[in-house]
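Visitor: prediction below, plus the sequence it came from.
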Amino acid sequence: MQAVKMVVTGPFSAGKTEFISSVSEIDVVSTERRISSVSEAAVKGQTTVAMDFGRITVDDDLVLYLFGTPGQRRFDFMWEILSEGMLGFIVLVDSTKPETFREAKRILETFESYASTPYVVAANKQDHEDAWEPDDLRIILRLNPSVKVLPCVALDKESVKNVLLELLYSILEQLDESES
């Protein structure tokens, strides 16, 4: 059986835990803790402090292991640890919060420095009226035209599956190239 490790990263409150939870066939192993800061508590009652973990069996030969990173800078020491052995990563961006785009770019560049693996950018909350379009996110994040920027709704299983499949296709393509 082939196991593929994927990392789901992105800024604080981008929807990483929900993304993994919506497709995982196991109960997500989560290290969420209550937020103590009043300003952060207004945003969300909990935050991931180490990782989220989920699993998806694609078929008899393929299993995806999903590792979600903490989004807060104070926990970014976990990023490199979680990136070890990854075959690809997803940068999840809350496309309704332009104030987080700079942080998303910093996270993307950090993960690129860990390993030269395929990645995609998922523009979350595309079901919201004020969401930035994926093509506009590409421009603001200054992404190479070859990087896939995909519409996403982290609470929608089919939407999440589409993002994961796009990343998986990129990973398999890279594996095929390295074997030839």
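Guide: Done, it's in.

Visitor: centre of the chain to the longest helix along the chain, how far?
Guide: Of all the elements of type helix in the chain, the one with the most residues (DSSP state H) is helix 157-179. Here the centre of mass of C-alpha atoms in helix 157-179, compared against the chain's by C-alpha atoms, centre = their mean, to the nearest Å, lies 13 Å away.

Visitor: lowest-pLDDT helix or strand in this structure?
Guide: When the helices and strands of the chain are scored by mean pLDDT, DSSP states H and E, helix 38-41 comes last with a mean of 44.

Visitor: leaving out sequence neighbours, find the closest residue to Asp156.
Guide: Nearest residue to Asp156, sequence neighbours excluded (C-beta to C-beta, 6 or more residues apart in numbering): Ser22, at 6.7 Å. Every C-beta, even on glycine, is put in place using the N, C-alpha and C of the backbone.

Visitor: report the rounded mean pLDDT for the helix or strand containing the one you found.
Guide: Using DSSP states H and E, Ser22 maps to helix 16-23. In this model, helix 16-23 has an average pLDDT of 95.

Visitor: which other residues reach that helix?
Guide: The list of residues contacting helix 16-23 from outside it, by C-beta atoms under 8 Å, 6 or more residues apart in numbering, reads 8-10, 28, 30, 32, 48, 52-54, 56, 66, 68-69, 71, 90, 92, 122, 124, 152, 154-157, 160-161, 163-164.

Visitor: buried ones in that helix?
Guide: Buried residues in helix 16-23, counted by 16 or more other C-beta atoms under 10 Å: 16-23.

Visitor: next one: stretch 113-131
Guide: For stretch 113-131, a neighbour-count test (16+ other C-beta under 10 Å) marks 115, 117-126, 131 as buried.

Visitor: and if you look at stretch 72-86?
Guide: Taking 16+ other C-beta under 10 Å as the basis for neighbour counts, the residues of stretch 72-86 that come out buried are 72, 75, 78-79, 82-83, 86.
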